[in-house]
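Student: I would like to see how this sequence folds:
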Amino acid sequence: MTTATYAEREVSLDAEGFFTDPSQWDEAEAPAIAAAEGISPLTDRHWEVIRFMRREYEEKGAAPNVRALAKTSGVSIRELYQLFPKGPAKLAAKIAGVPKPVGCI
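Tutor: Residues are numbered from 1 along each chain as shown. Okay, here's the model as predicted:
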């Protein structure tokens, strides 16, 4: 386990950079996480996906994989890859402060 500082808050991360405790996440941290992943600035459409990931995690206890994300979020797979080029579900989950979705490499 490692730590990182986003928006002047220290958080615990796993070896892949995902929050070990999603309750440590705050929206103020998302832009810094995104910038570290090469995404800046976050647009309204990014925020739509990030907030969707948070809601899904809070309601179901797991973040959706890319197929489920495209099917249920209202954002097409094509657009998801434009917004989060390095792997939409994995990257959106990381920025949203939730664990890596099952099935993501």
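Student: switch to C-alpha atoms for all contacts and neighbour counts from now on
Tutor: Fine.
Student: just list what the helix ranked longest in the chain packs against, helices and strands only.
Tutor: What stands out as the longest helix in the chain, according to DSSP state H, is helix 44-60. Judged by 3 or more C-alpha pairs under 8 Å, 6 or more residues apart in numbering; DSSP states H and E, helix 44-60 is in contact with helix 88-96.
Student: now do the buried residues in the helix it packs on.
Tutor: Using 16 or more other C-alpha atoms under 10 Å as the burial criterion, the residues of helix 88-96 that qualify are 88-96.
Student: what's the answer for stretch 63-72, then?
Tutor: Of the residues in stretch 63-72, those scored as buried under the neighbour-count criterion (16+ other C-alpha under 10 Å) are 63-66, 69-70.
Student: make CSV from those residues and add distance to R55 and secondary structure to it.
Tutor: Formatted as CSV, the entries for the buried residues of stretch 63-72 read as follows, by distance: C-alpha to C-alpha, whole Å; DSSP: H, G, I helix; E, B strand; the rest coil:
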residue, distance to R55, secondary structure
A63, 9, coil
P64, 10, coil
N65, 14, coil
V66, 15, helix
L69, 12, helix
A70, 15, helix
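Student: could you look up the SS state of L42?
Tutor: Going by DSSP: H, G, I helix; E, B strand; the rest coil, the secondary structure assigned to L42 is coil.
Student: residue contacts, it?
Tutor: Each residue near L42 by C-alpha atoms under 8 Å, 6 or more residues apart in numbering is listed here: 31, 34.
Student: could you check how far it is from A70?
Tutor: Noted for L42: a distance of 19 Å to A70, by C-alpha to C-alpha, to the nearest Å.
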